[in-house]
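Chemist: structure for the following, please:
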Amino acid sequence: MIASPVVFADRMLSLGLARVSEAAAIASAKLIGRGDEKAADQAAVNAMRDQLNLLDIRGTVVIGEGERDEAPMLYIGEEVGNGEGPEVDIALDPLEGTTLTAKDMPNALTVIAMAPRGTLLHAPDVYMDKLAIGPGFPKDVVNLEMSPAERVEALARAKGCSTEDITVCVLERPRHDAMIAELRETRAAIKLITDGDVAGVMHTAEAERTGVDMYMGAGGAPEGVLAAAALKCMGGQMWGRLLFRNDDERARAARAGITDLDRIYSRDELVTADVIFAATGVTDGSILAGIKTQPGWVESETLLMRSKSGSVRRITYRTPIERTGL
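Modeler: Take a look at the predicted model:
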């Protein structure tokens with residue numbers, strides 16, 4: 001008799017995923033403002049790995065800390081979970097914003113997504129040109145073939161407003177100088193961020209809360225998959241195109257099974273099935289509150305989402321301080 005495949009029980013697994021994210025955030029909190037990016041990242045990695053291995057899953061890390069020879073833990077291809085339950089893909093960034101944490105700057109998060117095996121793009125560690133907007137707009141109202149100015153103008157028409165009323169989030173890097181100059185010509189507002197483009201994309205899904213209408217620019221491809229997972233839960237549109245600077249990066253794509261190097265991926269091509277997503281604030285930000293210590297307690301805030309149900313939960317978690325190591 002052939003055994004039935006184990007179902008991806010996203011509802012049952014979601015709370016466990018929240019615990020993974022919370023543990024990583026709490027572990028890295030003791031290094032906020034300490035100036036040590038590597039130590040903060042390692043603390044988050046260790047905690048996230050320990051919690052993942054308690055879950056009833058047969059998980060494979062497809063978006064992680066790098067390839068096996070570059071990352072001692074949570075590397076791409078690492079197997080996690082207790083070996084029981086469904087086969088799943090894991091995309092994670094144990095500390096999205098290591099610099100933000102080390103310098104005690106806003107919007108550092110721990111981020112993780114889970115989906116059935118084979119449904120998350122195995123994005124190589126290269127750059128990705130990204131474009132994202134929130135929910136409620138016609139399909140493909142903007143696209144990657146448009147110039148930055150054309151995107152702003154098209155979104156303004158769709159919103160029925162002036163280009164001056166559009167705010168674009170951009171990662172502050174020299175590679176974006178020309179794009180920023182073009183955006184200035186439209187008189188759109190620009191929200192520049194120093195790090196953390198998963199959070200940057202997520203801002204577009206809650207424009208009324210964050211004030212951000214659109215995200216654009218080149219950032220890490222692995223973070224693009226995580227951002228697409230978040231938008232699949234929150235609503236919104238996203239597109240990504242891999243960028244290659246040399247033959248080594250093209251070889252990374254080949255190892256990941258990618259043959260069409262010019263392909264533009266939509267949100268649902270980056271994440272092809274239902275997904276669960278959790279993010280916990282490390283430092284205070286526009287999406288989540290950071291870790292807070294109170295007499296006897298540590299408090300965190302987590303965003304826990306399921307694309308299948310469209311549910312978006314904000315969870316405030318308090319745990320006795322003596323159990324956290326803070």
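Chemist: where does this protein dip in pLDDT?
Modeler: 1-6, 67-72 (pLDDT under 70).
Chemist: mind giving me the domain ranges of it?
Modeler: The record, using automatic domain parsing to delimit domains, assigns the chain the ranges 10-118+275-323, 127-270.
Chemist: the ones you listed into TSV, with extra columns for mean neighbour count?
Modeler: Every C-beta, even on glycine, is put in place using the N, C-alpha and C of the backbone. Converted to TSV, those look like this (neighbours: other CB atoms under 10 Å):
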stretch	mean neighbour count
domain 10-118+275-323	20
domain 127-270	19
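Chemist: okay, and the beta partners of residue 304?
Modeler: Beta bridges link residue 304 to residue 278, residue 313 when assigned by DSSP bridges.
Chemist: swap in residue 271?
Modeler: Residues in beta-bridge contact with residue 271 (DSSP bridges): residue 120.
Chemist: OK, contacts around it?
Modeler: Residue 271 sits next to 113, 115, 119-121, 225, 228-229, 232, 307 when contact means CB atoms under 8 Å, 6 or more residues apart in numbering.
Chemist: ok, now with 10 Å
Modeler: By CB atoms under 10 Å, 6 or more residues apart in numbering, the residues touching residue 271 are 89, 91, 113, 115, 119-121, 225-233, 238, 265, 277, 307.
Chemist: CA atoms of the host helix or strand of residue 39 as PDB?
Modeler: In the assignment (DSSP states H and E), residue 39 maps to helix 37-52. The C-alpha trace of helix 37-52 is given here as PDB (Å, rounded to 0.1, in the frame of the first residue of the first chain):
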ATOM      1  CA  GLU A  37      27.200  42.700  13.200                       C
ATOM      2  CA  LYS A  38      28.700  39.100  13.000                       C
ATOM      3  CA  ALA A  39      27.900  38.400  16.600                       C
ATOM      4  CA  ALA A  40      24.300  39.700  16.300                       C
ATOM      5  CA  ASP A  41      23.800  37.600  13.200                       C
ATOM      6  CA  GLN A  42      25.300  34.500  14.700                       C
ATOM      7  CA  ALA A  43      23.000  34.800  17.800                       C
ATOM      8  CA  ALA A  44      20.000  35.000  15.600                       C
ATOM      9  CA  VAL A  45      21.200  32.000  13.400                       C
ATOM     10  CA  ASN A  46      21.800  29.800  16.400                       C
ATOM     11  CA  ALA A  47      18.400  30.500  17.900                       C
ATOM     12  CA  MET A  48      16.500  30.100  14.700                       C
ATOM     13  CA  ARG A  49      18.200  26.800  13.900                       C
ATOM     14  CA  ASP A  50      17.500  25.400  17.300                       C
ATOM     15  CA  GLN A  51      13.800  26.300  17.100                       C
ATOM     16  CA  LEU A  52      13.400  25.000  13.500                       C
END
